[in-house]
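A.B. asks: Predicted model, plus sequence, below.
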Amino acid sequence: MAAQKEIRRVYELLEKNADGAVTLHEICQLTNKLGMVMPVEDFRLMVGNKGAGDYSDGLQFEAFVDLYNFIFNREQGEEENESDDLLKAFKIFDENEDGYISCEELQRVLSRLGLIPHALKPQECEKMICRFDSDCNGVLDFSEFKSMMSATVSA
């Protein structure tokens, strides 16, 4: 299960008008930004299927936790799976299998995945790496990569 602290941050980011509830429309906007395009009506059906009732006025935090875990497929005991998934992702970026992600590897993989324009300058990749390169060696190790991914999810 995702940490309550993480879910609380997401909830507070979504709950912009401070009325104590997150609407399905606000959740839909978040998932759309994450590339999980789903109409509000589908969320309404999903919430109904979980026995959550009518949330036309929004979800309180406790109900949001259940929906968050359901949407992002995070059940208890899946933190290990999450770490395994991160390791698999790290290995995709670490093309030469030296245990580090270099600027060139980051640029090539992001470009292949279509996540950045092909014209991304090496300096821009260096900035991305530098932000999470805690030991200032110019490359990302697995721990730094996890920090980067965690910051990306939290943003």
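C.D. replies: Here it is on my side, so go on.

A.B. asks: and the residue lying closest to residue 10 once chain neighbours are set aside, how many neighbours?
C.D. replies: Nearest residue to residue 10, sequence neighbours excluded (CB to CB, 6 or more residues apart in numbering): residue 68, at 6.7 Å. Just so you know, the C-beta spots here come from the backbone N, C-alpha and C atoms, and that holds for glycine as well. Residues contacting residue 68 under the criterion other CB atoms under 10 Å number 22.

A.B. asks: Shouldn't residue 68 be within a strand?
C.D. replies: No - under DSSP: H, G, I helix; E, B strand; the rest coil, residue 68 falls outside any strand and is assigned helix.

A.B. asks: Going by contacts, tell me the helices and strands next to the longest helix belonging to the chain.
C.D. replies: Longest helix of the chain, by residue count under DSSP state H: helix 79-93. For helix 79-93, the packing partners by 3 or more CB pairs under 8 Å, 6 or more residues apart in numbering; DSSP states H and E come out as helix 103-112, helix 142-154.

A.B. asks: Need the winner for burial among these.
C.D. replies: helix 103-112 (a mean of 17; mean count of other CB atoms under 10 Å).

A.B. asks: Would you mind checking the average pLDDT for that helix?
C.D. replies: Taken as a whole, helix 103-112 has a mean pLDDT of 83.

A.B. asks: got the angle for it vs helix 142-154?
C.D. replies: Put simply, helix 103-112 runs at 40 degrees to helix 142-154, going by axes from the mean of the first three to the mean of the last three CA atoms, to 10 degrees.

A.B. asks: who touches the longest helix of the chain?
C.D. replies: Residues from elsewhere that reach helix 79-93 (CB atoms under 8 Å, 6 or more residues apart in numbering): 1, 74, 97, 101, 105, 106, 109, 142, 145, 146, 149.

A.B. asks: Go again with 7 Å.
C.D. replies: Identification of contacts with helix 79-93 by CB atoms under 7 Å, 6 or more residues apart in numbering yields 101, 105, 106, 109, 142, 145, 146, 149.

A.B. asks: where's the closest residue to the fourth one other than its chain neighbours relative to residue 147, distance?
C.D. replies: Leaving aside its sequence neighbours, residue 109 sits nearest to residue 93 (CB to CB, 6+ apart; 5.0 Å). Distance check for residue 93 against residue 147: by CB to CB, to the nearest Å, it reads 14 Å.
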